[in-house]
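Visitor: This is a predicted model, with the sequence first.
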Amino acid sequence: MRGDYQQLVDEVSATLGAPATLEDRDFALIAFGAHDSEGDVGELALDPVRTRSILQRRSTAAVRAWFEGFGIARAQAPLRIPPDPAAGVFMGRLCLPALHRGIVRGYVWLLDDGHLSDLELGGPGVPPDPRLAHAMETAARIGKLLAAEARADVELGELLRALLVGPPTGREAASADLREALRQVADGPLAVVAVTPWSPDDGESSPAPNVPGVAAVCTIPYAASAGHAGAGHAGAGHAGAGGGREETTGRGDLAALVRLRTTGALDPARTAGEQLLRSPGAAGSGAAGHGGAAAGAGTAGTAGATRAGAGTAGGARAGTAGAAGAARAADARTGAAGPAEAVAGRGAAAGVSDPRRGLEELPTAWREARAAARAARAEPRLGPVAAWSEVGPYRLLTGLPGTGADPAARPLLERAHAELARTAEVFLDCAGQAGRAAQTLGIHRQTLYYRLSRVEQLTGLDLDAGEDRLLLHMALKAARLPS
């Protein structure tokens, strides 16, 4: 099918006499026309957005927001988009929406340095230029292909969801159908990637953007994840002493089945996780985090507002590293927020399961991947993409039942005592070595001792006793686990 796209893009390029590119609704590059003349190469070099799209196979979320500010997501006819050097768009565009049954499935882009200005776009009582009408017919054929591909992806996703979190009685049939659809890919090696939280784009028919190496993808509501994992919600997003959940309306998790080259190399799964975290579903999960867009870019209602959020195209790649750094900074502040509140502001994270061969163990792999993603949100040093094999004690903590905070630790988890909770956790992380803990916290050792005595008074625990230390350490770590 990808060869069909290239042929159709080449057809548009030949019709309009300009190199074209095709992107899906998530701005993932599908095909692009050849830039074979000296002038075309110069044009490509002068437009960093086009260059990045071709070299990285995807535009950033900020770039997507900038262009969507012109109404391309609902366009029913070609649109002209003017250049804006401040946003890294040095050349104007002619955008042909790839429509199927009135729904935009993708975009055909043509750079316009003025040579396409004579094309009549058409309007009330004015027919479009015949060349443009022909190009739009070709774009409609592209839209039909994209719609068919989206339907196939959705069907695969439904089978994957049924296998991962469906009733046990239906898993055997789902596995057989998924194996038939995936053919040799089903034999592995495979890994499952989880992204949490995930907010589906209401305008999409496919649950996630096309990412290289991903064989199937589906969204899983929180209720399904919780019900299937059973005891997999340690901490359950504790908020203070009340143990409340994060708001889950319209959100859930994303599950992606990723092909591996060997059972010993998780690199393709890690890369898929990083790319998924840059997609709108992760960026729109409620925090300016791992999605990679500037805070204002994803929600601006006008082109001007989205330009402000995008800044320069080169700067729009803030992405996962910046979010992780911000999370570390927030975690380092004492007294600023309770454990669950700090996690809620960190945006999405991804987890990667251990490798598997075949489909039979994928439900277990899903639990591993989701647990690793929850651990990455709770502990920034693990993320933004964490492998199950690397999350250490969280392999146990994520498997504990979500019964709320331990009664002894509950007073310490109140917002008013966030500084004491942080002190206790650092002290326990440092294996009870007062000198190291005081240095890490940037406080005098006597201040540390005073705070630890307050912790003992609040909890009734003896920090000289190994079992009490273990209980408090587990409670503090579990309290930061999102649901």
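Guide: Yep, that arrived.
Visitor: I figured residue 448 hits residue 433, correct?
Guide: No: if you go by Cβ atoms under 8 Å, residue 448 and residue 433 don't touch, sitting 10.6 Å apart. For glycine as for every other residue, the C-beta is placed from the backbone atoms N, C-alpha and C.
Visitor: quick one, which of the two is more surrounded?
Guide: The neighbour comparison of residue 448 against residue 433 (other Cβ atoms under 10 Å) goes to residue 448, with 20 against 12.
Visitor: how much space is there between the more buried one and residue 458?
Guide: Separation of residue 448 from residue 458 (Cβ to Cβ, to the nearest Å): 16 Å.
Visitor: check contacts around the closest residue to residue 411 other than its chain neighbours.
Guide: Setting aside the residues directly before and after it, residue 411 is nearest to residue 458 in space (Cβ to Cβ, 6 or more residues apart in numbering), at 4.6 Å. Taking Cβ atoms under 8 Å, 6 or more residues apart in numbering as the criterion, residue 458 is in contact with 411, 412, 417, 420.
Visitor: Out of the residues you listed, grab the one that's most surrounded.
Guide: Within the contacts of residue 458, most neighbours by other Cβ under 10 Å means residue 412, with 28 neighbours.
Visitor: quick one: that residue and residue 116, what's the gap?
Guide: Noted for residue 412: a distance of 65 Å to residue 116, by Cβ to Cβ.
Visitor: what does residue 167 give?
Guide: 55 Å.
Visitor: which one of these two has more residues nearby?
Guide: residue 116 (20 against 9).
Visitor: which secondary structure elements does whichever helix or strand residue 367 is part of contact?
Guide: Using DSSP states H and E, the element containing residue 367 is helix 362-378. Counting contacts by 3 or more Cβ pairs under 8 Å, 6 or more residues apart in numbering; DSSP states H and E, helix 362-378 packs against helix 130-165, strand 190-198, helix 222-229, strand 252-259, strand 349-352, strand 385-387, helix 394-397.
Visitor: Rounded mean pLDDT for the third one, please.
Guide: Averaged over helix 222-229, pLDDT sits at 61.
Visitor: Is residue 99 in a helix, a strand, or coil?
Guide: strand (DSSP: H, G, I helix; E, B strand; the rest coil).
Visitor: partners of it in the sheet?
Guide: On the basis of DSSP bridges, residue 99 is bridged to residue 104.
Visitor: Count the neighbours of it for me.
Guide: When counting by other Cβ under 10 Å, one arrives at 21 neighbours for residue 99.
Visitor: domains for this structure, by residue range?
Guide: Per automatic domain parsing, the structural domains of the chain span 2-148, 149-397, 410-479.
Visitor: what's the closest of the ones you listed to residue 404?
Guide: domain 149-397 (3.9 Å; Cβ to Cβ).
Visitor: that older thread, now do the helix holding residue 367 and strand 252-259, the angle between them.
Guide: Interaxial angle, helix 362-378 versus strand 252-259 (axes from the mean of the first three to the mean of the last three Cα atoms, to 10 degrees): 120 degrees.
Visitor: how far out from the middle of the chain is stretch 99-119?
Guide: Chain-centre distance of stretch 99-119: 28 Å, with Cα atoms, centre = their mean, to the nearest Å.
Visitor: Excluding chain neighbours, give the residue nearest to residue 4 in space.
Guide: Excluding the flanking residues, the one nearest residue 4 by Cβ to Cβ, 6+ apart is residue 145, at 6.0 Å.
Visitor: burial of that neighbour, as a residue count?
Guide: 20.
Visitor: try the one 3 residues further on
Guide: Other residues within reach of residue 148 by the criterion other Cβ under 10 Å amount to 13.
Visitor: What about the spatially closest residue to residue 406 that is not a sequence neighbour, how many residues nearby?
Guide: Spatially, and ignoring its direct neighbours in sequence, residue 406 is nearest to residue 475 (4.7 Å; Cβ to Cβ, 6+ apart). Per other Cβ under 10 Å, the neighbour tally for residue 475 reads 27.
Visitor: got it, and residue 450?
Guide: By other Cβ under 10 Å, neighbour count at residue 450 equals 13.
Visitor: now do residue 195
Guide: Counted with other Cβ under 10 Å, residue 195 comes out at 31.
Visitor: Residue 14 too?
Guide: If you count neighbours by other Cβ under 10 Å, residue 14 ends up with 13.
Visitor: quick one: the helix or strand hosting it to helix 130-165, angle?
Guide: For residue 14, the host element (DSSP H and E) is helix 2-16. For helix 2-16 against helix 130-165, the angle by the same axes, to 10 degrees is 160 degrees.
Visitor: Done for today, thanks.
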